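Undergrad: test case, fold it:
(one chain, ligands or ions: 1)
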Amino acid sequence: MGVDVALRIENLRKSYGSAPAVDGVDLTVEQGQIVGVLGPNGSGKTTTVECAYGLRRPDSGRIRVFGLNPLSEPGRVARLVGTQLQDSALPDRIRVGEALHLFAALARSPVDERQELERWGLAARRRASFGSLSGGQRQRLLVALALVGRPRLVFLDEMTTGLDPNARREVWDLVEQVRRGGTTVVLVTHFMDEAFRLCDRVAVLKDGHKVADGTPGELIDRYGGGTTVRFSVPPQAEVPRLAELPGVLTAERVDGRIEIRGRGPFLVSLGHTLAVAHLDDVELDVRRPSLEDAYVQLVGPEASR
Ligand SMILES: Nc1ncnc2c1ncn2[C@@H]1O[C@H](COP(=O)(O)OP(=O)(O)OP(=O)(O)O)[C@@H](O)[C@H]1O
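TA: Got it, this is the predicted structure:
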């Protein structure tokens, strides 16, 4: 395995009783990337990442973390990996500084506690109890705890759930900062805007299977359904045939309103064709598909949030 791979999962299977939670998942995370794991509730995201860092024993499959097997070398893997706790995992009465100190005491080469509190904007809250923190402060503390041992790979699971838009953006900036510091990030999330903003690659799980894997742009191109352009023309206008332009999938005219759906660089030929037909003053309303469109296409509308 190449040295530039942080995590490689091959054909992972894990059942609870007779029900398969993860059924043949492959995932490769290159060093320095932020990789998102997306999927509806119960699709196997948490089980996959818990197997990856050795918290759960797979039924079968192969997992390597920087080339190490988490089952046979749990101690070495634990030193390379950080995981974000769920916020229920910390007692409400523990103080911010105490929690960080406790985690630092367990790490072989911990970060400087004071600097870490500054970095995460928690210095003024050092003596505050965990239970008194705002949602954003809690998440920042949980991420700080995951990073206290200077991991080379960190797993962040639903880190912005319950945060307001400003707090989410703050956490996103911090995740980018973590990656700039050289740590590889695996991000489990339900939020498509978060995955689009942060992830170099995303894997989409459904019913324990990986149904797609690629950059957000690739998934949008492949599954997003294409770009839609709408415009109005005067009722008597002669509109050239647009359905045959390269890249156009569908073209419909309903009264004076035209809707074109296409893929690839069809906008240039559309614009050119309209200009030649003296329709260059129409106002084009262009809607590009989002990662959410691709996701809904992949997992079905009832599964999206
Ligand atoms: N400890 C467990 N015992 C029994 N079944 C479990 C256990 N943990 C998970 N499952 C089941 O395994 C399946 C996959 O769960 P998992 O938590 O991995 O999915 P997820 O994609 O992380 O879901 P969510 O988005 O809700 O966190 C689900 O059907 C879930 O009910």
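
Undergrad: how about A237: what's its closest non-neighbour residue?
TA: L279 (6.5 Å; Cβ to Cβ, 6 or more residues apart in numbering). Yep, even glycine has a C-beta here, placed from its N, CA and C like the rest.

Undergrad: from T228, how far off is the one you found?
TA: Distance, L279 to T228, by Cβ to Cβ, to the nearest Å: 18 Å.

Undergrad: try E73
TA: Counting by Cβ to Cβ, the gap from E73 to T228 is 51 Å.

Undergrad: sec struct for A212, please.
TA: strand (DSSP: H, G, I helix; E, B strand; the rest coil).

Undergrad: quick check: pLDDT value at it.
TA: A212 carries a pLDDT value of 97.

Undergrad: now A237
TA: Reported pLDDT for A237: 79.

Undergrad: was I right about it contacting L274?
TA: No. A237 is beyond contact range of L274, at 10.2 Å (criterion: Cβ atoms under 8 Å).

Undergrad: those two: who's more crowded?
TA: L274 (20 against 13; other Cβ atoms under 10 Å).

Undergrad: now for the residue nearest to A237: which residues touch it?
TA: Neighbouring residues of L279 by Cβ atoms under 8 Å, 6 or more residues apart in numbering: V233, A237, V239.

Undergrad: doesn't L7 lie inside a strand?
TA: Yes. Counting by three-state DSSP, L7 is part of a strand.

Undergrad: quick one: the residue lying closest to it once chain neighbours are set aside and Q84, what's the gap?
TA: Nearest non-adjacent residue to L7, counting by Cβ to Cβ, 6+ apart: V29, 4.1 Å away. Distance, V29 to Q84, using Cβ to Cβ: 16 Å.

Undergrad: could I get the contacts of L279 as JSON lines with secondary structure and distance to the ligand?
TA: Shown next, in JSON lines, are the contacts of L279 (DSSP: H, G, I helix; E, B strand; the rest coil; distance: Cβ to the nearest ligand atom, whole Å):
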{"residue": "V233", "secondary structure": "coil", "distance to the ligand": "46"}
{"residue": "A237", "secondary structure": "coil", "distance to the ligand": "50"}
{"residue": "V239", "secondary structure": "coil", "distance to the ligand": "47"}
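
Undergrad: does the residue of the chain most remote from its centre count as helix, strand or coil?
TA: Within the chain, the residue lying farthest from the chain centre (Cα atoms, centre = their mean) is Q236, at 48.2 Å. Following three-state DSSP, Q236 is assigned to coil.

Undergrad: residues contacting the helix or strand in which L117 is found, please?
TA: Counting by DSSP states H and E, the element that carries L117 is helix 113-119. Residues from elsewhere that reach helix 113-119 (Cβ under 8 Å, 6+ apart): V96, G97, L100, H101, A104, A123, R125, R126, A144, L147, V148, Q177.

Undergrad: the third one touches V148, doesn't it?
TA: In other words, L100. Yes. L100 lies in contact with V148 (Cβ under 8 Å); the separation is 6.5 Å.

Undergrad: which of those two has more residues huddled nearby?
TA: L100 (24 against 21).

Undergrad: after the helix holding L117, which helix or strand is next?
TA: Assigned by DSSP H and E, the successor of helix 113-119 is helix 135-146.

Undergrad: give the buried residues for that following helix.
TA: Buried residues in helix 135-146, counted by 16 or more other Cβ atoms under 10 Å: G136, Q137, R138, Q139, R140, L141, L142, V143, A144, L145, A146.

Undergrad: related to what we said a few turns ago, tell me the phi and psi of the residue farthest from the centre of the chain?
TA: phi -90, psi 0 (degrees, to the nearest 10).

Undergrad: how about V35?
TA: Given degrees, to the nearest 10, the pair of backbone angles that V35 has is phi -120, psi 130.

Undergrad: now T215: how far from G32?
TA: 15 Å.

Undergrad: and these two? which has more neighbours close in?
TA: Comparing T215 with G32 by other Cβ under 10 Å, the one with more neighbours is G32, at 15 against 12.

Undergrad: surely that one is in contact with R180?
TA: No. With contact defined as Cβ under 8 Å, G32 does not reach R180; the gap is 9.5 Å.

Undergrad: the strands in this protein, which residues?
TA: Ranges of strands within the chain are 5-16, 19-30, 34-38, 60-65, 81-83, 153-157, 184-188, 201-206, 209-214, 227-232, 248-254, 257-262, 285-287, based on DSSP state E.

Undergrad: I'd like the ones you listed as a markdown table, with distance to C51 and mean neighbour count appended.
TA: Shown next, in a markdown table, are the strands of the chain (distance: least, Cβ to Cβ, whole Å; neighbours: other Cβ atoms under 10 Å):
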| stretch | distance to C51 | mean neighbour count |
| --- | --- | --- |
| strand 5-16 | 6 | 18 |
| strand 19-30 | 7 | 19 |
| strand 34-38 | 12 | 25 |
| strand 60-65 | 6 | 17 |
| strand 81-83 | 12 | 24 |
| strand 153-157 | 11 | 23 |
| strand 184-188 | 12 | 24 |
| strand 201-206 | 13 | 24 |
| strand 209-214 | 14 | 18 |
| strand 227-232 | 38 | 18 |
| strand 248-254 | 40 | 14 |
| strand 257-262 | 41 | 19 |
| strand 285-287 | 39 | 12 |
